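*Asks:* Fold the stuff below for me.
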Amino acid sequence: MESATGGFKQVLGSGASSTVYKGVLGERSGGNVAVKVLDKLPERDGHDVREFATEVKIIGGTNHKNLVKLVGYCNEGQHRLLVYEFMSNGSLADSLFGGGAFPRPNWYTRTQIAYSVARGLVYLHDECSTQIIHCDIKPQNILLDEGMIARISDFGLSKLMKADQTRTTTAIRGTKGYLAPEWFRNVPVTAKVDVHSFGIVLLELVCCRKNFLLDFDKEEEMVLVDWAYDCYSRGKLYKLVEKDVEAMEDLKKVERFVKVALWCIQEDPSLRPGMKKVVHMLEGAVPVSEPPDRSGWAMRWNTQAIQPPNICTSVRGLFGGGACGVNSYCHMESGREENAASPSCKCPPRYVFMDPSDESKGCMKNFASHDCRAESNGSGDDQFDIMEIPSTNWPDFFYDQLESQTEGMCRQACLSDCLCDVAIFFGGFCWKKRMPLTNGRMEEGASVKALIKVGRSNSSSLAYPRKKDESSLKLTGGLLIGSSVFLNLLLLSTTLLFFSWWRRNNKRGQLHPTSSVNLLSFSYSQLESATGGFKEVLGRGASATVYKGILQNVGETITIAVKKMDKLWGVEEGEDDNREFTTEVKVIAGTNHKNLVKLVGVCSEGKNHLLVYEYMSNGSLASLLFKADPRPNWYTRAQIAISVARGLVYLHEECSTQIIHCDIKPQNILLDESLTAKISDFGLAKLLKVEQTRTMTAIRGTKGYVAPEWFRNMAITTKVDVYSFGVVLLELVCCRRGFEMEGYEEEEMVLVDWAHECYGDRMVGRLVEKDEEAMKDLVKVERFVKIGLWCVQEDPCLRPEMKKVVHMLEGAVEVSVPPSPASYINTV
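*Replies:* Now for the predicted structure:
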């Protein structure tokens, strides 16, 4: 590193505890790099050691086109260095506020930067396998590459969160002027601190100026957030951009961006939108409502910000979840109004917290649900009771409304209805509701009453988690074996070559690639012990067997799936694999998204070659959809569809190297203990360079899910995955395979054709007529069917991109009437 930087001569920037230098490595190692040297590192300086370890751990495990890529690191004695890809256009601060070293970006470029930063934060908050709060979003930490694409950098202050966490308690982190107010209060910190910081940056992007400037002639313009609100409220937004001709011609978008920013800087974190909604609002996919007046602001300089007197009721109306998690209700206990940021979350009777250590996650039943498929449900009186919670309501969503009811009639109506979980009684009205319940709150003195259906203790037991049968677990193992043995073997080979190289260099204190940070190396004896001598087989393939294993790690038990290769084809000792193909395998192994199955580690000892994956306890979507009893309910299937779609968006558009999966099907979609969908089996995947949109390749995929262009000597694009997803989406809606001969009439055998016929006849209910929950949600069923029909269009140009598919599935954009697809039978 000393040689690469010419003795650490050219300084790119410096901070409180580090300096960044420009360096040059050989072309094979990446060319120009930015080398970050931690300045202060005495032998026992715990803070800097932690900061270094945090940054390596976080960035080494992320992969997104809007995050700066960590190329390598050096850890030698007291020297700690991080090596990043070089960003030729410096930081956003240099461009927006600099003295001319970089040209000030035009309005269009600034809007693209805003989108990019927002998408990077969505990945950190919602899509990375480990949730990350950045904690220090500011223009200095947003870098720009040669194409002016924004990338978030400097993760040294970041806070990691487990996938099921929503908040954490930590010391103050960040930079003055961008800090959210909750840092200074004794309240848990959530991802909303980044939303607040992004709001400040967004206003700076709009106006091309810093948030606070003392040298302004007019006092009212010194504080940007106050000035922006004044201009917005007085209908004079043009004053923010009056020197920018391009922005002046686009005042509608300027107004939208300013309104989004004003929502982001609200004093109450619960009023700030999540970054996913921020992206939708910035893109114009959803409307932006009027932001509250200044009393809700975090950045008041002249007066004390005013918090809502009751956060339980103030949160409703903007976002669906409310102050507490699903199936719980928020209660401001007597004397708590002065600290409205810390409401009390409670569970209904006979419900328990999903995680006792974090009440904000919500509640679940501690008894078995009313079974609608039982031959004789009766009235429910012998199995269930009604318990009441006074002054309590879940105001969102009901499936049935009864009028002129007494409380007793309302109780009996819920007891006798197998779909009813809760009835809300108020003023002679009875509203029946199903799980999940959202926006729950108790309002002291209110005459509304919640009637909760609970199982009687002598006839009920905990309904979840559901365990999979042995055949389903074996099927999960079969999926890990994959359909492309050759590529999996080469993945292993490449990883083994890397570890051999890494171990040699590690002994000399050299620069280390970051792959080793998150990919573990196991000994054969460790995995032999973990699998109990390779006893429990989950699945077998032509050249590999998958076993269930248990790892013990500092008192923690981790279940894994171990793929043991029977033989390693195509690699001789000392052989150097084709560099291009090795790069492809390395990139696929480096993906990181909560909806992709994760490769945990590897083992190579002599002739023993093993891959270790995270274990998916609920098997595959195919086993759940086509074999399980009971099959997943409509709500769960809808969530699975959205999860798979988000995973594909990441592969197609957000991963640093674009990836076409090529084999999307229910067998390659695995489900964890929470029934979260994860895409698996990248054995057939094809990589695209960032500037590529299509590629030529041999036929890949599975009969019935293969797009027609595979057979027509056409260039292959990400639209082949869109086609496959369309088939899977229709299967999710209907709980059946795309082609089935037994048990169906002739016109129903081909699902795509039948779905189009039902939609054309305005009879989509026929597709789900045996599913009571779906029959009560036919608007969403129709939307999903229309999306599925768009995805399976014969012409790839007519199929939507996966990002638009996600927007349509979520209801953020309207779905137009689809044309008739080509007969699906041609691809079966």
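*Asks:* May I have the residues that are in contact with the spatially closest residue to Phe426 that is not a sequence neighbour?
*Replies:* Spatially, and ignoring its direct neighbours in sequence, Phe426 is nearest to Val448 (4.3 Å; Cβ to Cβ, 6 or more residues apart in numbering). (C-beta placed from N, C-alpha, C; glycine too.) Going by Cβ atoms under 8 Å, 6 or more residues apart in numbering, Val448 touches 391-393, 424-426.
*Asks:* List only buried entries from the residues you listed.
*Replies:* Neighbour-count burial (16 or more other Cβ atoms under 10 Å) is assigned, among these, to 392-393, 424-426.
*Asks:* Narrow those to those in strands?
*Replies:* 392-393, 424-426 (DSSP state E).
*Asks:* coming back round to it: any idea how far Gly6 is from the residue nearest to Phe426?
*Replies:* 72 Å (Cβ to Cβ, to the nearest Å).
*Asks:* What residue spans form the domains of the protein?
*Replies:* 18-85, 89-307, 329-455, 470-614, 621-827 (automatic domain parsing).
*Asks:* what would those domains look like in TSV with mean pLDDT?
*Replies:* Converted to TSV, those look like this (pLDDT from 0 to 100):
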stretch	mean pLDDT
domain 18-85	76
domain 89-307	82
domain 329-455	80
domain 470-614	63
domain 621-827	85
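*Asks:* Now render those as TSV, adding distance to Glu2.
*Replies:* Below are the domains of the chain laid out as TSV (distance: least, Cβ to Cβ, whole Å):
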stretch	distance to Glu2
domain 18-85	9
domain 89-307	22
domain 329-455	46
domain 470-614	11
domain 621-827	28
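*Asks:* Tell me who's in contact with the residue nearest the centre of the chain.
*Replies:* The chain has Glu127 as the residue nearest its centroid, 2.4 Å off, counting by Cα atoms, centre = their mean. The contact partners of Glu127, by Cβ under 8 Å, 6+ apart, come to 593-595, 646, 650, 654.
*Asks:* Likewise for Ala446?
*Replies:* 391, 393 are the contacts of Ala446 under Cβ under 8 Å, 6+ apart.
*Asks:* Do me a favour and get the backbone dihedrals for it.
*Replies:* Main-chain dihedrals, Ala446, degrees, to the nearest 10: phi -70, psi 140.
*Asks:* Also Val71?
*Replies:* Dihedral angles (degrees, to the nearest 10) for Val71: phi -80, psi -40.
*Asks:* now Tyr123
*Replies:* Torsion angles, degrees, to the nearest 10, at Tyr123: phi -60, psi -50.
*Asks:* So it sits against His64, correct?
*Replies:* Yes: using Cβ atoms under 8 Å, Tyr123 makes contact with His64 at a distance of 4.5 Å.
*Asks:* Name the residues contacting each of the two.
*Replies:* 650, 654.
*Asks:* measure the nearest residue to Glu2 once chain neighbours are set aside to Tyr73 for me?
*Replies:* Nearest in space to Glu2, with sequence neighbours left out and distances taken as Cβ to Cβ, 6+ apart, is Phe8 at 6.7 Å. Using Cβ to Cβ, Phe8 is found at 16 Å from Tyr73.
*Asks:* So if I had to pick from the two, which one is more boxed in?
*Replies:* Tyr73 (24 against 16; other Cβ atoms under 10 Å).
*Asks:* Give me the secondary structure label for the more buried one.
*Replies:* Following DSSP: H, G, I helix; E, B strand; the rest coil, we place Tyr73 in the strand state.
*Asks:* Does it have any beta-bridge partners, and if so which?
*Replies:* Leu82, His512 (DSSP bridges).
*Asks:* quick one: it from Gly147, how far?
*Replies:* With Cβ to Cβ as the criterion, Tyr73 and Gly147 are 26 Å apart.
*Asks:* How about Ala446?
*Replies:* 56 Å.
*Asks:* Convert the C-alpha atoms of stretch 253-271 to CSV, please.
*Replies:* The C-alpha trace of stretch 253-271 is given here as CSV (Å, rounded to 0.1, in the frame of the first residue of the first chain):
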residue,chain,number,x,y,z
LYS,A,253,-40.6,17.7,-9.5
VAL,A,254,-38.9,20.4,-7.4
GLU,A,255,-42.1,20.6,-5.3
ARG,A,256,-42.4,16.8,-5.0
PHE,A,257,-38.7,16.5,-3.8
VAL,A,258,-39.2,19.3,-1.2
LYS,A,259,-42.4,17.7,0.1
VAL,A,260,-40.6,14.4,0.5
ALA,A,261,-37.7,16.0,2.3
LEU,A,262,-40.1,17.8,4.7
TRP,A,263,-41.7,14.4,5.6
CYS,A,264,-38.2,13.0,6.1
ILE,A,265,-37.2,15.6,8.7
GLN,A,266,-40.3,15.2,11.0
GLU,A,267,-39.5,15.3,14.7
ASP,A,268,-41.5,12.1,15.4
PRO,A,269,-39.6,9.2,13.8
SER,A,270,-42.9,7.3,13.2
LEU,A,271,-44.1,10.1,10.9
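*Asks:* mind listing what's buried in that stretch?
*Replies:* So stretch 253-271, judged by 16+ other Cβ under 10 Å, has buried residues 253-271.
*Asks:* and what of stretch 196-211?
*Replies:* Neighbour count says stretch 196-211 has 196-209, 211 buried, by 16+ other Cβ under 10 Å.
*Asks:* now stretch 757-768
*Replies:* Here stretch 757-768 shows 758-759, 764, 767-768 as buried, counting by 16+ other Cβ under 10 Å.
*Asks:* what residues does it touch?
*Replies:* 634, 733-734, 747, 754-755, 774-775, 778, 781-782, 785-786, 789, 818, 820.
*Asks:* distance of Lys277 from Thr111?
*Replies:* From Lys277 to Thr111 the distance is 18 Å (Cβ to Cβ).
*Asks:* Kindly report the same for Pro181.
*Replies:* 28 Å.
*Asks:* likewise Gly77?
*Replies:* Counting by Cβ to Cβ - Gly77 and Thr111 are separated by 46 Å.
*Asks:* Just want to know which of those two has more residues nearby.
*Replies:* Taking neighbours as other Cβ under 10 Å, Gly77 and Thr111 compare with Thr111 leading, 21 against 9.
*Asks:* What values do phi and psi take at the more buried one?
*Replies:* According to degrees, to the nearest 10, Thr111 has phi -70, psi -40.
*Asks:* what's the answer for Glu85, then?
*Replies:* phi -60, psi 150.
*Asks:* show me what contacts it?
*Replies:* Applying Cβ under 8 Å, 6+ apart, the residues near Glu85 are 30, 33-34, 68-69, 71.
*Asks:* May I ask which of these has the most neighbours?
*Replies:* Ranking the contacts of Glu85 using other Cβ under 10 Å puts Val68 first, with 24 neighbours.
*Asks:* Now that residue. Nearest residue, chain neighbours left out?
*Replies:* Ser153 (4.1 Å).
*Asks:* Same question for Thr111.
*Replies:* Thr111 sits nearest to Lys253 (Cβ to Cβ, 6+ apart), 6.7 Å away.
*Asks:* Am I right that the one you found is in a helix?
*Replies:* Yes: judged by three-state DSSP, Lys253 forms part of a helix.
*Asks:* Just the buried residues of the strand or helix carrying Arg411, please?
*Replies:* Assigned by DSSP states H and E, Arg411 belongs to helix 407-415. Neighbour-count burial for helix 407-415, counted by 16+ other Cβ under 10 Å, picks out 407, 410-415.
*Asks:* any chance of those in TSV, with distance to Glu810 too?
*Replies:* Listed next are those as TSV, based on distance: Cβ to Cβ, whole Å:
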residue	distance to Glu810
Glu407	37
Cys410	33
Arg411	36
Gln412	37
Ala413	32
Cys414	30
Leu415	34
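*Asks:* Sweet, I'm off.
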